[in-house]
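>>> need a structure here:
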Amino acid sequence: MPSTVAASVCPHDCPSTCALSVEVVDGVRIGAVRGAADNSYTAGVICTKVSRYAERIHHPDRLTRPLLRTGPRGSGQFRCISWNEALDRIADRFGHDAAAFGSEAVWPFYFAGTMGLVQRDGINRLRHVMRYSRQKLTICTSLPEIGWIAGAGQARGADPREMARSDLIVVWGGNPVSTQVNVMTHIARARKERGATLVVIDPYRSPTAAVADIHLAPRPGTDAALACAVMHVAFRDGYADRDYMRAYTDCPDRLEAHLRDRGPAWAAGVTGLPVERIESFAALYGRTQRSFIRIGYGFARSRNGAAAMHAVSCLPAVTGAWKHEGGGALWSNRGMYGINKMLIEGLDSVDTTIRVLDMSRIGSVLTGDRTELGDGPPVTAMLIQNQNPLDVCPDSNRVRRGFSRDDLFVATHEQFMTETAKWSDIVLPATMFLEHDDLYQAGGHSHLQIGRKLIEPPGECRSNHEVLQGLAKRLGARHAGFEMTAMEIVDATLRASGYPGADELLARRWLDAMPPFGKAHFLDGFPTPDKRFHFAPDWRALGDQHGVMPPLPDQMDNVESAHPDAPFRLMTSPARSFLNTSFTEMAYTRKREGRPTVLMHPADARRCGITEGGKVRLGNVRGEVVLHASLSEGQQEGVLVAESVWPSDAFEGGIGINALTSDDPGPPWGGAVFHDTAVWLRAEAAEVPLAAE
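Residues are numbered from 1 along each chain as shown. Model prediction:
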């Protein structure tokens with residue numbers, strides 16, 4: 001059979017969700033994977049990770065048969081069992097625990113290991129029909145989304161392709177060179193064709209900051225102060241568009257009065273940036289009409305993240321940049337599509353009296369924290385799909401203690417033997433995206449796409465949807481979605497959402513859902529009750545911790561501050577070759593990343609007696625980890641950066657970086673605070689071999 005090229009969609013990253021052209025060799029293997037050249041956002045460009053996907057999908061270490069644990073938790077000792085035995089065991093345990101303790105004792109746990117709507121979110125259908133504990137999705141988007149919605153009203157913004165027609169692009173809290181390569185494609189066009197300026201605001205010299213025209217490196221958690229100073233200068237120096245604000249915002253006069261004592265000198269004391277650099281950036285932004293802020297997730301992974309996101313999102317409303325093509329801002333367009341997920345998630349079966357457990361606080365949940373469990377039973381049984389909580393979730397030592405419970409039963413559906421899989425009772429082999437059907441939307445662009453099954457999976461791998469169907473049958477869970485194929489669900493969901501059916505979308509390859517310029521730029525009003533951007537948000541409507549939120553954009557001093565016992569601030573930023581713990585199983589990605597490393601300022605290294613490549617130990621009240629030092633002047637003194645989520649087994653002692661991060665929920669609604677961590681650091685003595693006797 002000759003090789004063919006088929007269309008597909010990358011499932012690994014919600015902002016990009018790249019359109020792909022995939023070579024299928026002899027109908028059974030994957031060859032070259034390329035970006036779709038005729039897609040106006042992907043534009044033929046994809047990351048190296050996915051371009052080498054054949055190495056991942058055909059990896060010899062893939063799980064291919066169901067496994068039953070035979071040794072201690074975490075030992076990796078398993079024996080093969082049949083699918084029938086595996087599903088019977090899971091269903092029997094779920095049924096037993098629901099009968100003995102109540103249905104809330106079972107907690108299906110998932111997140112975004114795939115961005116496909118059917119294979120990712122279908123687990124909720126089982127949850128709702130069976131009245132299992134619900135899940136609060138806080139690990140990634142909740143803090144930035146609430147901060148954006150607080151002002152703009154909905155999670156959508158300007159067309160990202162407009163960056164190619166901008167004169168100033170501000171990448172704030174993102175590192176697209178490593179995490180959203182398509183963003184750089186459109187930025188490169190603007191720099192080449194318009195002479196646009198690229199400003200990157202990030203506490204360290206990320207790969208994106210390294211190629212920027214201007215890099216501002218504030219202290220972690222101080223972005224709101226910088227945003228307030230930029231708005232102060234706009235009002236002070238005549239860059240504020242008062243006509244725009246009168247027509248489109250709620251209280252510009254209150255905002256101006258509020259910002260009078262929040263100028264560059266004040267912000268310099270908070271951020272650590274020189275006054276003149278703040279003044280210069282504020283003037284550049286203020287005088288440039290086609291100014292596009294591409295907002296990332298980074299600065300919002302902090303206890304003050306929602307407030308910081310709101311402050312940054314206020315900038316184009318003050319200057320009126322929304323009026324101009326190539327102007328405005330974008331965090332995510334995820335709220336644009338209007339997908340009806342009733343069938344996918346079983347929303348017609350939701351019982352709102354069932355408790356909701358915070359996924360970012362899984363360690364607290366599993367160790368019996370009553371602030372999470374409420375009056376309900378302990379969680380005694382779990383099904384995990386699309387997630388690796390033992391490595392990825394905060395306060396991982398606590399997570400591990402929870403997984404160590406003798407009374408906890410865990411079934412994990414996975415592609416490789418992750419840390420979570422090692423600590424599970426049953427491990428089920430999972431398909432990859434080219435081995436099943438699914439529907440995809442995007443956060444960073446506007447295309448709706450279907451990814452078809454292109455090859456058969458290896459061994460006995462089954463899709464998430466197939467696993468849920470098997471469990472539903474055994475548990476007596478009745479819902480139309482369990483009786484349909486994945487593609488039938490895709491087709492019905494599209495039609496229920498007002499889109500063409502699956503056949504038409506497949507023929508078109510993608511559907512561009514971007515609204516017209518006026519709507520995308522909110523020129524017909526913002527999607528808020530009064531159709532205005534809110535400088536003064538109604539935080540009460542956005543979370544039960546609303547009382548601590550600032551009434552107007554402001555620096556919120558609730559971060560985990562450095563102190564004598566933990567004098568450094570640590571960020572755990574993404575690595576270029578990994579995506580959380582996905583792709584860490586690949587030899588070439590591990591070789592490219594080297595080893596677990598912490599970036600630190602040379603002045604800090606000298607004070608601590610640390611040299612380049614030296615072994616260091618980081619710690620705080622939650623745990624300790626050992627890494628190697630890499631010296632860099634790209635961040636302020638006192639700031640440490642550990643890139644990537646290396647698997648725990650890559651660290652000396654088998655303890656990964658999230659042993660240090662806190663599971664404290666960020667207000668007002670909750671959210672993981674991965675970049676808001678205080679630690680101590682010391683040189684770790686090198687081992688000296690004993691002399692031979």
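>>> Confirm Ala100 sits in a strand?
No. With DSSP: H, G, I helix; E, B strand; the rest coil as the criterion, Ala100 is located in helix rather than a strand.
>>> and stretch 274-292, what's its mean pLDDT?
Summarised as a single mean, pLDDT over stretch 274-292 is 98.
>>> Give the buried residues for that stretch.
Neighbour-count burial for stretch 274-292 flags 277-279, 281-282, 284-286, 288-292 (criterion: 16 or more other C-beta atoms under 10 Å). No exception for glycine: its C-beta is placed from N, CA and C like everyone else's.
>>> Following element in sequence after the helix or strand of the chain at the bottom of the mean pLDDT ranking, please.
Ranked by mean pLDDT, DSSP states H and E, the weakest helix or strand in the chain is helix 587-593, scoring a mean of 92. The helix or strand immediately downstream of helix 587-593 is strand 597-600, counting by DSSP states H and E.
>>> Would you confirm that Gly74 contacts Lys422?
Yes. If you go by C-beta atoms under 8 Å, Gly74 and Lys422 touch, sitting 5.3 Å apart.
>>> related to what we said a few turns ago, mind listing which of the buried residues of stretch 274-292 are in helices?
Among those, the members falling in helices (DSSP state H) are 277-279, 281-282, 284-286.
>>> Mind putting the residues you listed into CSV with distance to Tyr110?
Below are those laid out as CSV (distance: C-beta to C-beta, whole Å):
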residue, distance to Tyr110
Arg277, 43
Ile278, 42
Glu279, 47
Phe281, 40
Ala282, 43
Leu284, 43
Tyr285, 40
Gly286, 44
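>>> quick one, what contacts Lys473?
Going by C-beta atoms under 8 Å, 6 or more residues apart in numbering, Lys473 touches Phe482.
>>> The one 5 residues further on now?
With contact taken as C-beta under 8 Å, 6+ apart, Arg478 is in contact with 129, 472.
>>> quick one: contacts for the residue nearest the centre of the chain?
Centroid check for the chain by C-alpha atoms, centre = their mean gives Cys140 as the closest residue, at 3.9 Å. Neighbour list for Cys140: 111-112, 297, 672 [criterion: C-beta under 8 Å, 6+ apart].
>>> For those, pick the one with the most neighbours.
Greatest neighbour count in the contacts of Cys140, by other C-beta atoms under 10 Å, goes to Ala672: 29 neighbours.
>>> helix/strand/coil for it?
coil.
>>> Ramachandran angles for it?
Ala672 adopts backbone torsions of phi -70, psi 140, taken as degrees, to the nearest 10.
>>> One more: Arg194?
phi -120, psi 0.
>>> And Leu259, by the same measure?
Dihedral angles (degrees, to the nearest 10) for Leu259: phi -90, psi 0.
>>> That one reaches Cys228, doesn't it?
Yes. Between Leu259 and Cys228 there is a contact under C-beta under 8 Å: 5.9 Å.
>>> what about stretch 574-581, distance to the chain center?
11 Å (C-alpha atoms, centre = their mean, to the nearest Å).
>>> What of stretch 418-429?
Distance of stretch 418-429 from its chain centroid, counting by C-alpha atoms, centre = their mean, is 23 Å.
>>> just stretch 212-220 next, same as before
Offset of stretch 212-220 from its chain centre (C-alpha atoms, centre = their mean): 22 Å.
>>> before we move on, the earlier item: who has more neighbours, Gly74 and Lys422?
Counted by other C-beta under 10 Å, Gly74 and Lys422 do not tie: Lys422 has more neighbours, with 21 against 17.
>>> Using the three-state scheme, assign Gln449.
Classification of Gln449 using three-state DSSP returns strand.
>>> I'd like to know how far it sits from Ala36.
Gln449 is 10 Å from Ala36, where distance means C-beta to C-beta, to the nearest Å.
>>> Out of the buried residues of stretch 274-292, the closest to Leu681 would be?
Arg277 (27.4 Å; C-beta to C-beta).
>>> what's the closest non-adjacent residue to the closest one?
Leu216 (6.4 Å; C-beta to C-beta, 6 or more residues apart in numbering).
>>> Gly374: neighbour count?
11.
>>> Run a quick neighbour tally on the closest residue to it other than its chain neighbours.
Using C-beta to C-beta, 6+ apart and skipping the chain neighbours, the partner closest in space to Gly374 is Arg355 (5.4 Å). Per other C-beta under 10 Å, the neighbour tally for Arg355 reads 15.
>>> likewise the one 10 residues further on?
Other residues within reach of Val365 by the criterion other C-beta under 10 Å amount to 25.
>>> With Gly238 instead?
Neighbours around Gly238, by other C-beta under 10 Å: 11.
>>> One more: Pro72?
Neighbourhood size, Pro72 [other C-beta under 10 Å]: 10.
>>> still on that earlier bit, can you tell me which of the ones in helices among the buried residues of stretch 274-292 is closest to Asp348?
Distance to Asp348, by C-beta to C-beta, is smallest for Tyr285 among these, at 47.2 Å.
>>> What's the separation between that closest one and Lys615?
As for Tyr285, its distance to Lys615 is 42 Å (criterion: C-beta to C-beta).
>>> What of Gly476?
In terms of C-beta to C-beta, Gly476 sits 55 Å off from Lys615.
>>> How about Pro668?
For Pro668 relative to Lys615 (C-beta to C-beta), the value is 41 Å.
>>> Next: Ile90.
Ile90 is 42 Å from Lys615, by C-beta to C-beta.
>>> Of those two, give the one with the bigger neighbour count.
Just comparing Ile90 and Lys615: by other C-beta under 10 Å the higher neighbour count belongs to Ile90, 26 against 15.
>>> any idea of the mean pLDDT for the helix or strand where that one lies?
Taking DSSP H and E as the definition, one finds Ile90 inside helix 83-101. For helix 83-101, mean pLDDT is 98.
>>> can you list contacts of that helix?
Taking C-beta under 8 Å, 6+ apart as the rule, helix 83-101 contacts 66, 68, 105-106, 130, 132, 377-378, 380-381, 383, 409, 411, 426, 428, 460, 462, 467, 470-471, 474-475.
>>> 6 Å - rerun?
With C-beta atoms under 6 Å, 6 or more residues apart in numbering as the test, helix 83-101 has contacts from 66, 105-106, 377, 380-381, 409, 411, 426, 470-471, 474-475.
>>> and what of stretch 329-339?
Contacts for stretch 329-339 (C-beta under 6 Å, 6+ apart): 144, 148, 154-158, 160, 293, 295, 316, 441, 443, 446, 497, 513.
>>> Please apply the same query to stretch 429-438.
Here stretch 429-438 makes contact (C-beta under 6 Å, 6+ apart) with 11, 57, 63-64, 116, 118-119, 413-415, 451-455, 457, 460-461, 463, 486-487.
>>> Which ChimeraX command selects the buried ones in these?
To isolate the buried members of the contacts of stretch 429-438 in ChimeraX, using 16+ other C-beta under 10 Å:
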select :11,57,63,116,118,119,413,414,415,451,452,453,454,455,457,461,463,486,487
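>>> Out of the contacts of stretch 429-438, list just those in helices.
Per DSSP H, helices hold the following members of the contacts of stretch 429-438: 57, 118-119, 486-487.
>>> For these, which two are the farthest from each other?
Pairwise distances across the ones in helices among the contacts of stretch 429-438 peak at 20.2 Å for Ile57 and Met487 (criterion: C-beta to C-beta).
>>> circling back to that earlier point, do you know how far the residue nearest to Arg277 is from Ile187?
As judged by C-beta to C-beta, Leu216 and Ile187 stand 17 Å apart.
>>> same check, this time on Ala307
The spacing between Ala307 and Ile187, counted by C-beta to C-beta, is 27 Å.
>>> Good, we can wrap up now.
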